[in-house]
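# heads up, no residue letters with this:
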């Protein structure tokens, strides 16, 4: 029956891999439906040296009802009203269906068919390999982020943006296409697995003495010599092949083997075999009534909220805070952070094997590593960077003093002759190392060149003489942020490694804190709860809180708020790190009653085990003594001399 269950598990694995590649193709087809058009105020005439002036003639009257000039949006009629996001949602649903069976069924299989001391190491290997995948994912994402989303459909020389620009969109669809093909091929080996798998031997048999092995060999654990439905005296089981008694040195171990085998053979009822779903509700009720499991579930949900939110927006944090491109941020995540996590998970499983940690030791180890990582994460608050110098957004036009951004602050005397829009975002870098929102707001009246090589001239806001120039894109950072970035990466690697050290012991704690027959259900429910309560909401509310730190929003072609173009880096750092560490603080507080309940549970199980061993052992030992006494009497009668028998006959 066990073999059949695991055979169906492998069928689920192969079906899962096949499902994942389908959703990848479903997502990537969206890129071919419509082209991407970014917002820009730059216009030029192809095959001509004369470009339209970025500063249209007009006058901005800020005193007239306090209204700002509204420039009509262009190209609105070609915008699609279709909700294309529904295809992405459907693809993610299919991907979730395909991924869900892998962890609970695979980890349960390893724990069932591996020895107790090696299970932690094997689970650590699986967890490590599952982390290696994101390494290649981030590297692939870094490569795709450098490629323009509409590669092959547009002339690249006409683009005015680079991968470092906030408006740049990489070829996100290419990653799904490549990953889908790889996943499809990975499903093929699962279909060639044997229909049945060998039943593993008993755990701990290799550590027995020769006398114990002789005893176990005749016990029902291996050869089922004495079926559970037949009445068998314990003295028969205690006899060796030569008829001698071996119970003196291995009585307790033999009793454990016999009881374990009886539970194995008689533990599954006929109703459960015929109707497997009949025990689901009672099993789920027992599982949810386990206080230690519930506390562990709450702790992991909260910590995964912190982890998922942090990992999701860490590349964006690197982009905004340290002025790195999206491609470089993904590359650093894949090359530096993720390998540290993989090494930490493998090392955690290896340490658990070497130290032979029990369930309490695993819990303390996971808690300790998480606490150390929490303390180290506090140093991220000290790694601050100044806001980018953007005229009218973070500082005024005529000084370096910080300002409170408002749409009216974009307009000043130097660009009053231009009819500029306050909604556009097409940054240019002036000769004074200050970024301006658009060439129009920089007061530029002329331009030359095309694409990324466009140069704007006669920018009145850049210099007093009015003959200064500006180039496309934001100005690079020239402060202490560049020197601080390597320290940020080093601390990030150390923190990721230490926190991931407790990943495998924490997972083994989940397996060992509940009854073996509830293991698969516990793992499956844990995966469902964490994906539902952590994987879905964490990116949503993390993103909502981070959006409150946005200074300048983009605008869609037909109106409405687009993506954020520039953030307040100080507020971003406080919101991002503060929310991450606040969730971890809550999880630590919940761990306190968890340790108390776990200690009580272990003490109670120890008392019950001792009491049960004494009661059962005393009963079996008493029966053993009686049978031994009867056998000794029979042997004495058989050894009596023949004359005694003749005397009894004459009498």
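Everything's here; your move. Just so we're clear, the structure is a prediction, and the values are computed from it rather than from any experiment.
# okay but residue 392 is in contact with residue 408, surely?
No. Taking contacts as CB atoms under 8 Å, residue 392 lies outside contact range of residue 408: 9.1 Å. Where C-beta positions appear, they are placed from N, C-alpha and C, glycine not excepted.
# ok, the two, which is more surrounded?
A count of neighbours by other CB atoms under 10 Å puts residue 392 above the other of residue 392 and residue 408, at 25 against 12.
# Next one: residue 313 relative to residue 340, how far apart?
19 Å (CB to CB, to the nearest Å).
# Compare those two (neighbour count), which wins?
residue 313 (23 against 19).
# helices and strands around whichever helix or strand that one is part of, which ones?
Using DSSP states H and E, residue 313 sits in helix 291-322. Contacts defined by 3 or more CB pairs under 8 Å, 6 or more residues apart in numbering; DSSP states H and E place helix 291-322 against helix 326-332, helix 481-501, helix 503-512, helix 519-530, helix 537-547, helix 569-638.
# So which bits of it are buried?
292-293, 295-311, 313-322 (16 or more other CB atoms under 10 Å).
# Likewise for stretch 544-551?
545, 546, 549, 550, 551.
# how about the last one, what does it touch?
Meaning residue 551. Each residue near residue 551 by CB atoms under 8 Å, 6 or more residues apart in numbering is listed here: 390, 393, 394, 405, 566, 567, 568.
# same thing with the first one?
When the contact criterion is CB under 8 Å, 6+ apart, the partners of residue 545 are 575, 579.
# gap between it and residue 492?
In terms of CB to CB, residue 545 sits 21 Å off from residue 492.
# ok, now residue 391?
33 Å.
# Okay, now the sheet partners of the strand or helix carrying residue 553, with direction.
Using DSSP H and E, residue 553 falls within strand 550-555. Using DSSP bridges, the strands paired with strand 550-555 are strand 561-567 (antiparallel).
# Of the helices and strands packed on helix 291-322, which is nearest residue 398?
Proximity to residue 398 (CB to CB) singles out helix 569-638 among the helices and strands packed on helix 291-322, at 23.1 Å.
# Averaged pLDDT, that closest one. What do you get?
Confidence over helix 569-638 (mean pLDDT, whole number) is 77.
# now swap in stretch 121-139 and tell me
On average, stretch 121-139 scores 76.
# buried stuff in it?
So for stretch 121-139, counting by 16+ other CB under 10 Å, buried means 121-128, 131, 134-135, 137-139.
# Likewise for stretch 481-495?
Applying 16+ other CB under 10 Å to stretch 481-495 flags 481, 484, 485, 488, 491, 492, 493, 495 as buried.
# Now for the fourth one: which residues touch it?
In this structure, residue 488 makes contact with 322, 380, 383, judged by CB under 8 Å, 6+ apart.
# From residue 494, how far out is it?
For residue 488 relative to residue 494 (CB to CB), the value is 11 Å.
# Highest neighbour count among the contacts of residue 551?
In the contacts of residue 551, the most neighbours by other CB under 10 Å go to residue 567, 26 neighbours.
# just checking, it touches residue 573?
No. Applying CB under 8 Å as the test, residue 567 and residue 573 come out as separate, 9.6 Å apart.
# Give the residues shared as contacts by the two.
In contact with both residue 567 and residue 573: no residue, using CB under 8 Å, 6+ apart.
# Just say helix, strand or coil for residue 447.
Under DSSP: H, G, I helix; E, B strand; the rest coil, residue 447 falls in the strand class.
# Test my guess that it contacts residue 426.
No. Using CB under 8 Å as the test, residue 447 is too far from residue 426 to be in contact (11.7 Å).
# List of residues touching stretch 592-601?
291, 292, 295, 296, 299, 359, 360, 363, 367, 513.
# and those, which two are the farthest apart?
Most distant of those, by CB to CB, are 291 and 367, 17.1 Å apart.
# residues in contact with residue 138?
330, 331, 333, 334, 335, 338.
# Distance check, the third one against residue 132.
Pointing back at residue 333 there. From residue 333 to residue 132 the distance is 14 Å (CB to CB).
# likewise the fourth one?
For residue 334, the distance to residue 132 equals 10 Å [CB to CB].
# now swap in the second one and tell me
For residue 331, the distance to residue 132 equals 16 Å [CB to CB].
# same deal with the first one?
Here residue 330 is placed at a distance of 16 Å from residue 132 (CB to CB).
# ok so, going back, quick check, nearest of the contacts of residue 488 to residue 471?
residue 322 (21.7 Å).
# what's the lowest-pLDDT member of the contacts of residue 551?
residue 405 (71).
# which SS state does it fall under?
coil.
# quick one: secondary structure of residue 463?
Going by three-state DSSP: residue 463 is coil.
# these two touch, right, it and residue 442?
No. Contact between residue 463 and residue 442 fails when scored by CB under 8 Å: they sit 10.5 Å apart.
# which of the two has more neighbours?
For residue 463 versus residue 442, the count of surrounding residues by other CB under 10 Å is larger for residue 442: 32 against 15.
# Roughly how far does the more buried one sit from residue 583?
42 Å.
# quick one: contacts for residue 351?
357, 365, 501, 505.
# who wins for most neighbours among the residues you listed?
residue 505 (29 neighbours).
# so how far is residue 513 from that one?
12 Å.
# how close does residue 395 sit to residue 470?
Residue 395 is 16 Å from residue 470, by CB to CB.
# So for these two, which sits in the more crowded spot?
Of the pair residue 395 and residue 470, residue 470 is the one with more neighbours under other CB under 10 Å, namely 29 against 20.
# Make sure that one is actually in contact with residue 444.
Yes. Counting by CB under 8 Å, residue 470 does reach residue 444; the two are 6.0 Å apart.
# burial count for the residue lying closest to residue 469 once chain neighbours are set aside?
Distances taken as CB to CB, 6 or more residues apart in numbering put residue 457 closest to residue 469, at 5.1 Å, once the chain neighbours are dropped. Residue 457: 17 surrounding residues under other CB under 10 Å.
# Contacts for the strand or helix carrying residue 457, please.
For residue 457, the host element (DSSP H and E) is strand 455-459. Strand 455-459 is contacted from outside by 54, 428, 430, 436, 439, 442-449, 466-471, using CB under 8 Å, 6+ apart.
# please redo it, this time with the cut-off set to 7 Å
The contact list for strand 455-459 (CB atoms under 7 Å, 6 or more residues apart in numbering) reads 54, 428, 430, 439, 442-449, 466-471.
# Let's see which of these end up in strands.
428, 430, 444, 445, 446, 447, 448, 468, 469, 470, 471 (DSSP state E).
# out of the residues you listed, who's nearest residue 560?
The closest of these, once distances to residue 560 are taken by CB to CB, is residue 428, at 24.8 Å.
# what is the nearest residue to the closest one once chain neighbours are set aside paired to in the beta sheet?
Using CB to CB, 6+ apart and skipping the chain neighbours, the partner closest in space to residue 428 is residue 470 (4.1 Å). Counting by DSSP bridges, residue 470 is bridged to residue 430, residue 456.
# likewise residue 552?
Assigned bridge partners for residue 552, using DSSP bridges, are residue 566.
# For it, give its distance to residue 323.
Residue 552 is 16 Å from residue 323, by CB to CB.
# can you check residue 587 too?
Counting by CB to CB, the gap from residue 587 to residue 323 is 33 Å.
# Between those two, which is the more surrounded one?
residue 587 (22 against 19).
# residues contacting the closest residue to the more buried one other than its chain neighbours?
Distance criterion CB to CB, 6+ apart; nearest residue to residue 587, sequence neighbours excluded, is residue 302 at 4.3 Å. By CB under 7 Å, 6+ apart, residue 302 lies in contact with 583, 586, 587.
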